[in-house]
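Asks: sharing a model prediction with you, sequence too.
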2 protein chains.
Amino acid sequence: MQALIDRILADAEILPGNIIKVGGFLNHQYNTDLLREMGKEVARLYANEGVTKIVTIEASGIAFAAAVALEMNVPFVFAKKHSTANLGGEVYSATVHSYTHNKDYNIIIPKAYLSQNDCVLILDDFLAKGAAARGLIEIIKASGAKLAGVCTQIEKGFQGGGDELRDLGIRVDALALVESMSEGSITFRQD
Amino acid sequence: MQALIDRILADAEILPGNIIKVGGFLNHQYNTDLLREMGKEVARLYANEGVTKIVTIEASGIAFAAAVALEMNVPFVFAKKHSTANLGGEVYSATVHSYTHNKDYNIIIPKAYLSQNDCVLILDDFLAKGAAARGLIEIIKASGAKLAGVCTQIEKGFQGGGDELRDLGIRVDALALVESMSEGSITFRQD
């Protein structure tokens, strides 16, 4: 999506350790025009997939999910992060490894919010090694719902998580797909 | 807002300890039509206040803030929760007491996201004793920005936080204002 790529080129900070700082417009403070356009673009990409529900993960995926859900007119739910694995039988849960913080955490979604009749679109702000997406996919599989695909605002293609999911036959879309980056420089994968 | 009150009466669970469970449609899983209508209603209420920025708090305020921001066409930012108070000089911070979890936590917003030229609307899902709202107001005052008001999806009027803020001359709106509740029963304050 060219508007997002242009904004990243103009305003993102590229830092050592493959970090793209976009908090000023994308996942902490939000530019509303950009958020609306992203919502419209994802709705266009998944218009014919029969999506009945959007699933994301707290906290930085929620605004993106809200914008897309408002365009697609389907409900959305966010997975909550929990430090304990002892969560009872009322929730679906999965363990996710955070490479940023180098620790595991659990994500949960109440069982009441997913059913085998759902067709789910997973949304998140970033896809790098794909740990969060795999956790959400595990939960969706456990619920018996169909998976329409995984769509992310920014994919760090060089970290491989997106291509691993594609190799499993899962549809993965990125509104901006970073092919490579080094300090002060960033290159996008072209369609 | 009658549509929200009707939905609460139809689908909320009223539990002991003054708990209103609305996660199925309002602050964990979201009904998109209701979210859109709430966005429009807040935009109508604050149409003439010169709002330049919306501020909320993670995680359950973010979707509401996104929906309102998309209607009002202003940027929004969410305060992040931090367990440590040692946060450096780049952020505004405040300490908030959680009555639900009986502990203090810190909320932070990067200084770059607020300025004295801003007129800020605070949004959140619930207002009860008002601790989170007071923390956000403290941050906005520190930034020098003007405060347009505090608008919440559900205010628990009988817990007093909203009226304390009104007594200070702060504009406080609730899309549904609960006057009293007991197990299985709920009464709303009428305009």
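Replies: Now that the structure is in, tell me what you want to look at.

Asks: for chain A, which residues are neighbours of chain B?
Replies: A:23-24, A:28-33, A:35-36, A:58-59, A:62-63, A:65-67, A:69-70, A:72-78, A:80, A:110, A:112-113 (CB under 8 Å from any CB of the partner chain). C-beta coordinates here come from the backbone N, C-alpha and C atoms, glycine included.

Asks: which of the residues you listed fall in helices?
Replies: A:T32, A:D33, A:L35, A:R36, A:I62, A:A63, A:A65, A:A66, A:A67, A:A69, A:L70, A:M72 (DSSP state H).

Asks: of the residues you listed, buried ones?
Replies: For these, a burial check counting by 16 or more other CB atoms under 10 Å in any protein chain shown picks out A:T32, A:L35, A:R36, A:I62, A:A63, A:A65, A:A66, A:A67, A:A69, A:L70, A:M72.

Asks: the last one: what's it in contact with?
Replies: A:M72 makes contacts with A:V42, A:A43, A:Y46, A:V51, A:I54, A:L121, B:T32, as judged by CB atoms under 8 Å, 6 or more residues apart in numbering or on different chains.

Asks: so for the fifth one, what's the pLDDT?
Replies: The predicted structure scores A:I54 at 98 on the pLDDT scale.

Asks: helix, strand or coil for it?
Replies: Following DSSP: H, G, I helix; E, B strand; the rest coil, A:I54 is assigned to strand.

Asks: ok, A:D11 - contacts?
Replies: Shown in contact with A:D11 (CB under 8 Å, 6+ apart): A:V22, A:G24, A:F25.

Asks: tally up the residues packed near the closest residue to A:E41 other than its chain neighbours, please.
Replies: Of all residues not flanking A:E41 in the chain, A:M1 sits nearest, at 5.1 Å (CB to CB, 6 or more residues apart in numbering or on different chains). By other CB atoms under 10 Å in any protein chain shown, the residues close to A:M1 number 20.

Asks: re the thing from before, export the buried ones among the ones in helices among the residues of chain A next to chain B as a markdown table, with columns for distance to A:A174 and pLDDT.
Replies: Formatted as a markdown table, those follow (distance: CB to CB, whole Å; pLDDT from 0 to 100):
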| residue | distance to A:A174 | pLDDT |
| --- | --- | --- |
| A:T32 | 21 | 97 |
| A:L35 | 16 | 98 |
| A:R36 | 19 | 98 |
| A:I62 | 19 | 98 |
| A:A63 | 17 | 98 |
| A:A65 | 16 | 98 |
| A:A66 | 19 | 98 |
| A:A67 | 16 | 98 |
| A:A69 | 19 | 98 |
| A:L70 | 21 | 98 |
| A:M72 | 18 | 98 |
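
Asks: out of the residues you listed, which comes closest to B:G130?
Replies: A:I62 (23.1 Å; CB to CB).

Asks: from A:G161, how far out is the residue nearest the centre of chain A?
Replies: For chain A, the residue nearest the mean C-alpha position is A:D124 (1.7 Å; CA atoms, centre = their mean). Separation of A:D124 from A:G161 (CB to CB, to the nearest Å): 11 Å.

Asks: hmm, back to that, mind putting the ones in helices among the residues of chain A next to chain B into a markdown table with distance to B:G184?
Replies: Shown next, in a markdown table, are those (distance: CB to CB, whole Å):
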| residue | distance to B:G184 |
| --- | --- |
| A:T32 | 40 |
| A:D33 | 45 |
| A:L35 | 40 |
| A:R36 | 41 |
| A:I62 | 31 |
| A:A63 | 35 |
| A:A65 | 33 |
| A:A66 | 31 |
| A:A67 | 37 |
| A:A69 | 31 |
| A:L70 | 33 |
| A:M72 | 36 |
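
Asks: what sits against the residue nearest to A:S98 when sequence neighbours are not counted?
Replies: Once flanking residues are discounted, A:S98 sits nearest to A:Y105: 6.3 Å by CB to CB, 6+ apart. By CB under 8 Å, 6+ apart, A:Y105 lies in contact with A:K81, A:H82, A:S83, A:T95, A:V96, A:S98.

Asks: pairing partners for the host helix or strand of the fourth one, with directions?
Replies: In this case it means A:T95. Per DSSP states H and E: A:T95 is located in strand A:91-98. Looking at strand A:91-98 with DSSP bridges, its partner strands are strand A:103-110 (antiparallel).

Asks: now the element after the partner strand, going C-ward?
Replies: Following strand A:103-110 in sequence order, the next helix or strand is strand A:119-127 (DSSP H and E).

Asks: what ranges in chain A fall below the confidence cut-off?
Replies: Applying pLDDT under 70 to chain A flags residues A:84-88, A:191.
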